[in-house]
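Enquirer: Build me a model from this:
(chains A and B)
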Amino acid sequence: MVAHARADHPDEACGLVVGPEGEGVPTRHVPMINAARSTTFYEFDAEEWKQVYDQMWDNDEEVVVAYHSHTHTEAHPSRSDTKIASDMGLPGAHYVLVTTKDPEIAEVRSFRIADGEVTEEPIEVTGAPEAVQSYKFAHTPDSTVYDCS
Amino acid sequence: MSIEVRVPTILRSHTNQEKIVKGEGDTLAKLFDDLDTRYSGLKGRVVTDEGALHRFVNVYINDEDVRFIGGLEAKLSDGDSITILPAVAGGM
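Expert: Numbering: from 1, shown residues only, chains lettered A, B, ... in the order given. The predicted structure is shown next:
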């Protein structure tokens, strides 16, 4: 996700991590085109999204993580992020924000968004530390600052 | 005429959690009118009070984004498959 966000900077990047339906386990990273190609807005490309959704439908997969980047602001859902996700979003998804405003340190934070309410949730880094050695994870309310830069 | 509709998670509260529902109508507008008689509130999540598609919802007839083929006036044929999806968007 961070690599995708860096690659698309200064435009916002967006994508999904999907997994088997009902398990909540992310297994497949799907970087998406930002059809808005904007530094301040993102929107899935409708044609690509339909293809990805059909594939998920055939595989009995669901969206586990929906991520996008902010390129000039904090890794926190904006008002429009919150409104759109509440009105017509992906319930059950972890909304992950990456900010690339700092060229050295990428912040990654995760949120639940429902009914206009944004709730941050901790990110626990698992697996080999060297796999994430380039990135520093943001402080979250009750867990980990993972500094491996 | 029977049209299959794939319902996204966020709208399954209107369909008793069904992922697929069936409806009738020779245009998309008529299909949503028909669906609303059994799945109360579904139409209002997709169609505005003014009768247009909501900005952040995508509707497809088979693989075609309906915005390019007439919107709610797009014609339907027996056996067509409709997919409704959240647009997935946001901004700074």
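Enquirer: Model confidence at residue A:135, what's the number?
Expert: Looking at residue A:135, its pLDDT stands at 50.
Enquirer: nearest residue to residue B:4 other than its sequence neighbours?
Expert: Of all residues not flanking residue B:4 in the chain, residue B:81 sits nearest, at 4.9 Å (Cβ to Cβ, 6 or more residues apart in numbering or on different chains). Quick note: C-beta positions are derived from backbone N, CA and C, even for glycine.
Enquirer: what sits against the one you found?
Expert: B:3-6, B:61-62 (Cβ atoms under 8 Å, 6 or more residues apart in numbering or on different chains).
Enquirer: of the residues you listed, closest to chain A?
Expert: Ranked by distance to chain A (Cβ to the nearest Cβ), the contacts of residue B:81 are led by residue B:6 at 7.1 Å.
Enquirer: and the closest one, how many neighbours?
Expert: 16 (other Cβ atoms under 10 Å in any protein chain shown).
Enquirer: List the beta-bridge partners for it.
Expert: Residues in a beta bridge with residue B:6, per DSSP bridges, are residue B:20, residue B:83.
Enquirer: Contacts (any at all) between chain B and stretch A:90-110?
Expert: Yes: judged by Cβ under 8 Å from any Cβ of the partner chain, stretch A:90-110 comes into contact with chain B at A:90-92.
Enquirer: tally of neighbours for residue A:60?
Expert: Neighbourhood size, residue A:60 [other Cβ under 10 Å]: 9.
Enquirer: again but with residue B:41, I slipped
Expert: Look at residue B:41: counted by other Cβ under 10 Å, it has 11 neighbours.
Enquirer: any idea how far the closest residue to it other than its chain neighbours is from residue A:91?
Expert: Taking Cβ to Cβ, 6+ apart, and ignoring the residues beside it in sequence, residue B:41 has residue B:14 as its nearest neighbour in space, at 4.9 Å. As for residue B:14, its distance to residue A:91 is 13 Å (criterion: Cβ to Cβ, to the nearest Å).
Enquirer: What of residue A:126?
Expert: 25 Å.
Enquirer: What residues sit buried inside the helix ranked longest in chain B?
Expert: Longest helix in chain B, counting residues (DSSP state H): helix B:28-38. Within helix B:28-38, the residues scored as buried using 16 or more other Cβ atoms under 10 Å in any protein chain shown are B:28-32, B:34-36.
Enquirer: One more: stretch B:77-87?
Expert: B:80, B:82-87.
Enquirer: so how far is that stretch off the chain centroid?
Expert: Offset of stretch B:77-87 from its chain centre (Cα atoms, centre = their mean, to the nearest Å): 6 Å.
Enquirer: Give me the distance between the two termini of it.
Expert: Its first and final residues considered, stretch B:77-87 spans 25 Å by Cα to Cα, to the nearest Å.
Enquirer: pLDDT at the residue of chain A positioned farthest from its centre, what is it?
Expert: No residue in chain A sits farther from the centre than residue A:58, which is 23.1 Å out by Cα atoms, centre = their mean. Per-residue confidence at residue A:58 stands at 97 (pLDDT).
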